[in-house]
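A.B. asks: What follows is a predicted protein model with its sequence.
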Amino acid sequence: MDIRYWLFWVGGIVGTLLPDIDHLLYIYLKPQELTSQRVNFLLDKREIKRIVTLLYETRSERRDLIFHTIFFQLIFLILTFWMVTSSGSLFGKGMVLAFALHLSIDQIVDLTEMKSFDNWFKNLPFRLNFNQAQTYWVVSLLIVLIIGLLM
């Protein structure tokens, strides 16, 4: 394997982690929330492993995330297409593709666990039923995969 493809994989690792920053932003932007207080308590005790577990277990409680919205996803898919088709940076391509794929995975987790995308469509005047949400997810995942094939 060519050494330059390592940049793609490193970008993929970074892109996989970036959407989770959304949960940390929520903790610091909403310190009055119970989860935020619990995270800060655990942080004072330096219990990072328990913080990660707590954030995973309470992910459905955070409804005002920045990256986990349809508006952000649609804008990010356009930027992902632009990055993949016009940039020579393998690190950047890996990062945006992994970020977009992480958002798709978060959507399917929400769809299977909560049976809705209500958190993703929070600022829109309509909601998707389960079948519409499944269709949206399949289409958005296909878009990510097609963009990935353009590399």
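C.D. replies: Looks like it arrived, so ask away.

A.B. asks: and Leu18, how many residues sit next to it?
C.D. replies: 16 (other Cβ atoms under 10 Å). The way it works is simple: take the backbone N, C-alpha and C, and place the C-beta from them, glycine included.

A.B. asks: Could I get the contacting residues of it?
C.D. replies: 67, 95, 99, 102 (Cβ atoms under 8 Å, 6 or more residues apart in numbering).

A.B. asks: In these, find the pair that's most separated.
C.D. replies: Pairwise distances across the contacts of Leu18 (Cβ to Cβ) peak at 13.6 Å, for the pair Phe67 and Met95.

A.B. asks: between the two, which one's more packed in?
C.D. replies: The neighbour comparison of Phe67 against Met95 (other Cβ under 10 Å) goes to Met95, with 24 against 18.

A.B. asks: Find the helix or strand that the more buried one is a member of.
C.D. replies: helix 90-114 (DSSP states H and E).

A.B. asks: Residues contacting that helix, please?
C.D. replies: 4-5, 7-16, 18-20, 60, 67-68, 73, 76-77, 79-80, 83-84, 87, 116-117, 119-120, 130, 133-134, 137, 140-141, 144, 147-148, 151.

A.B. asks: Next: stretch 34-54.
C.D. replies: Contacting residues not belonging to stretch 34-54 are listed as 26-28, 30-31, 55, 58, 61-62 [Cβ under 8 Å, 6+ apart].

A.B. asks: which of those residues tops the neighbour count?
C.D. replies: Tyr26 (22 neighbours).
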